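Visitor: sharing a sequence plus its predicted fold:
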Amino acid sequence: MTVTPEKAYEELIEKYREITILGTCNALLGWDERTYMPKAGTEGRSKQVALLSGIAHEKFTSPRIGELLSIIEGSSLIADSISDEAVNAREIRRNYDKAVKLPKDLVEELARVTSLAQSVWTEAREKSDFSLFLPKLKEVIDLKFRQAEAYGYQKEPYDALIDDYEPNTTSDDISEVFGKLRNELVPLVKAIGESGKRPDTSIVENDFPVDLQQKFGAEVSTAIGFDYEGGRLDVSTHPFTTTIGPGDVRITTRYNPKHLNQALFGTLHEAGHGMYEQGMPQEHFGTPLAEYVSLGIHESQSRMWENSVGRNLPFWNYFYPKAQEIFPSLKNAKLDDFFFAINKVEPSLIRVEADEVTYNLHILLRFEIERDLFAGKIKAEDLPAVWNEKFKDYFGIVPPNDTQGCMQDIHWSSGYFGYFATYALGNLYASQFFAKAKEDIPDLEDRFASGDFSGLKDWLHKNIHSQGKRYRAGDLVEKVTGKPLSHEAMMTYLKSKFSTLYGI
Ligand code: ZN
């Protein structure tokens, strides 16, 4: 029986929606695991998650999906390359081809080995003993090489891995923009270090009772536009955002009663991710038209609210008096001093604690190491030495141990090679989008200063959130900003802000 392209499309979307719904059931299990589940539930939960993932994978790799795609692809239904049908078919094809290329035993082996590697990593990290982690890390790397071979690539295996996180972007693309970034960033960090000016950070390292931080966090996240009718904020060790379904986007944060920054900027960050998810076109839920473009684009949304908005004066002109009302410890601190304190720049060992300027160096270092690793230029056993050498180069300091060095992040034990670059790409996208938003809305920041953030939220919604996966990252940036991704907007922003703060 032949099926018309229209019918084929209908069936494809119905099937894909079902797979998405299975994925969101898994997301709910994952959210629960990381927030409220009792520790002893781990094993049972991993079985639930594995079962659901297996069912979803089986459904998605069914040959019927391939048949339906072929019928649609050979028809006029996709003549316009950015129509709903064409976009959904293009993206489902991409995911389908990737999924069927991975042999089942490799998928299972990756899940098994990375789960073990994470617990070995936790122990090795506690003992600061890289040799304990090395055998499992080698296994993970071997499997990632196999995965890259299964996917296929044009130039280097690392490209195939990056493609899982930042689709259609190669290590050459990233190297080009990162290289230019490095050339301007390294001298800026040096000049800041040599300026001799230092903020008084005791202003933000004081008593900040958790209940007051919760109150303030709810106020700022609501003001910027995170919708609590369709979302919630909970506590977890590692903050994250997850979508359970239309009208249910959940974010988390963590509180430090002796430091204001962590929960505050963490909440702004996750609220930015959450607003992207909440802004997806609901009528397309369960299809690529309601999915994020790439991890880099997702990160641009969180970084914009956290940094471009939350670490700048217009935001604090409005919120500082409110913060002073809520937190007794801020009563006598001047806005200028507070502002300098939340913008301290200093080379430091740990990525997740790094400031807006040096953060990107942490990413450049990881990207270079991973690229060399998958080009066969370095081996797993070389990682601590290579890490420390590069660290000295970039930051002028050497980690005292591997826990604060090459074992600090969970990514490698999880098999997330190719992921790190998306953090810095996110910063670059954020700066370029924000510069354009300011150009389009000249009083954008004046409105921040009076507590009105709707201008930016609406701009993001129109240009980015409501588009889902209609445009690929590179095309989206060009379409929205009129130019390809570059380091320029971020460097212009960083230089202008930090030369004022540090008098350089
Ligand atoms: Zn993020």
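Guide: Structure received. Predicted, not measured: the structure shown is a model, and the values here were computed from it.
Visitor: quick one, grab the pLDDT at the closest residue to the ion within the chain.
Guide: Proximity of the chain to the ion (Cβ to the ion) peaks at Ser302, 4.2 Å away. Quick note: C-beta positions are derived from backbone N, CA and C, even for glycine. Note for Ser302: predicted pLDDT of 98.
Visitor: can you name the next helix or strand after the helix or strand where it lies?
Guide: Using DSSP states H and E, Ser302 maps to helix 295-303. Remark: after helix 295-303, the chain's next helix or strand is helix 313-326, criterion DSSP H and E.
Visitor: mind listing what's buried along whichever helix or strand comes after that following helix?
Guide: The C-terminal neighbour of helix 313-326 among helices and strands, as given by DSSP H and E, is helix 335-341. Buried residues in helix 335-341, counted by 16 or more other Cβ atoms under 10 Å: 338-341.
Visitor: which helices and strands does helix 335-341 pack with?
Guide: On a contact count with 3 or more Cβ pairs under 8 Å, 6 or more residues apart in numbering; DSSP states H and E, helix 335-341 meets helix 313-326.
Visitor: what's the helix it packs on in contact with?
Guide: 212, 215-216, 219-220, 223, 309, 330-331, 333, 335, 338-339, 445-446, 448-451 (Cβ atoms under 8 Å, 6 or more residues apart in numbering).
Visitor: what do you get if the cut-off is 7 Å, keeping everything else the same?
Guide: Residues from elsewhere that reach helix 313-326, judged by Cβ atoms under 7 Å, 6 or more residues apart in numbering: 212, 215-216, 219-220, 309, 330-331, 335, 338-339, 445, 448-451.
Visitor: my read is Leu233 is in a helix, agree?
Guide: No. Leu233 is assigned strand when assessed by DSSP: H, G, I helix; E, B strand; the rest coil, not a helix.
Visitor: wait, isn't it in contact with Tyr255?
Guide: No. Assessed by Cβ atoms under 7 Å, Leu233 is found out of contact with Tyr255, at 11.3 Å.
Visitor: show the buried residues in the contacts of helix 313-326.
Guide: Buried members of the contacts of helix 313-326, counted by 16+ other Cβ under 10 Å: 212, 216, 220, 309, 330, 338-339, 445, 448.
Visitor: and these, which is closest to Gln262?
Guide: Phe216 (12.9 Å; Cβ to Cβ).
Visitor: now Thr242: which helix or strand?
Guide: Using DSSP H and E, Thr242 sits within strand 241-245.
Visitor: what's the helix holding Ser302 packed up against?
Guide: helix 261-278, helix 421-440, helix 473-481 (3 or more Cβ pairs under 7 Å, 6 or more residues apart in numbering; DSSP states H and E).
Visitor: what's near enough to touch Phe338?
Guide: Contacts of Phe338 by Cβ under 7 Å, 6+ apart are 203, 320, 330.
Visitor: how about Arg303?
Guide: 426-427, 430.
Visitor: how close does it sit to His269?
Guide: Arg303 is 7 Å from His269, where distance means Cβ to Cβ, to the nearest Å.
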